[in-house]
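J.: got a predicted model here, sequence first, then my questions.
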Amino acid sequence: MTSPAGRLPQPYSHDGGSNLADILERVLDKGVVIAGDIRINLLDIELLTIKLRLIVASVDKAKEMGIDWWEDDPALSSRANRGELARENAELRERLAELERGGAPRESS
């Protein structure tokens, strides 16, 4: 289904020969943005505004566009909080070493 490097995918055929996989590959390769607003007014008073933005693209294409929020979200990526975990581990090791030496652990801020 994927094209060799340097080759562009073939255009859609006029006889309807493109299947769903071909269309999906093209959408993910190029990316699609759907944007819209929903407003609810009552007597010219705006009660609610919902802004919808939907981007459908491959991960590589999203990164090219500068979209990588999932990498920093702890719910979606284990790498998101590695720095925090490393800091916490170092702090716990230090406190454990103090306890093993017989000293009272110092309070962390």
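T.: Structure received.

J.: and the lengthiest helix in the chain, what's buried?
T.: In the chain, taking DSSP state H as the definition, the longest helix is helix 82-101. Using 16 or more other Cβ atoms under 10 Å as the test for burial, helix 82-101 gives residue 95. Any C-beta I mention is one placed from the backbone N, CA and C, and that applies to glycine too.

J.: pLDDT on that helix, on average?
T.: Throughout helix 82-101, pLDDT has a mean value of 87.

J.: swap in stretch 23-30?
T.: For stretch 23-30, the per-residue pLDDT averages 80.

J.: tell me where the protein has helices.
T.: 20-30, 59-64, 82-101.

J.: check which helices and strands the shortest one is in contact with.
T.: If you count contacts as 3 or more Cβ pairs under 8 Å, 6 or more residues apart in numbering; DSSP states H and E, helix 59-64 packs onto helix 20-30.

J.: what do you get if the cut-off is 10 Å, keeping everything else the same?
T.: helix 20-30, strand 45-56 (3 or more Cβ pairs under 10 Å, 6 or more residues apart in numbering; DSSP states H and E).

J.: deepest-packed of the ones you listed, please.
T.: helix 20-30 (a mean of 13; mean count of other Cβ atoms under 10 Å).

J.: helices and strands around it, which ones?
T.: Counting by 3+ Cβ pairs under 10 Å, 6+ apart, helix 20-30 packs on strand 45-56, helix 59-64.

J.: lowest-confidence stretch among these?
T.: Among these, helix 59-64 scores lowest, with a mean of 82.

J.: contacting residues around that one?
T.: Outside helix 59-64, the residues that touch it by Cβ atoms under 10 Å, 6 or more residues apart in numbering are 27-31, 55-58, 67-71.
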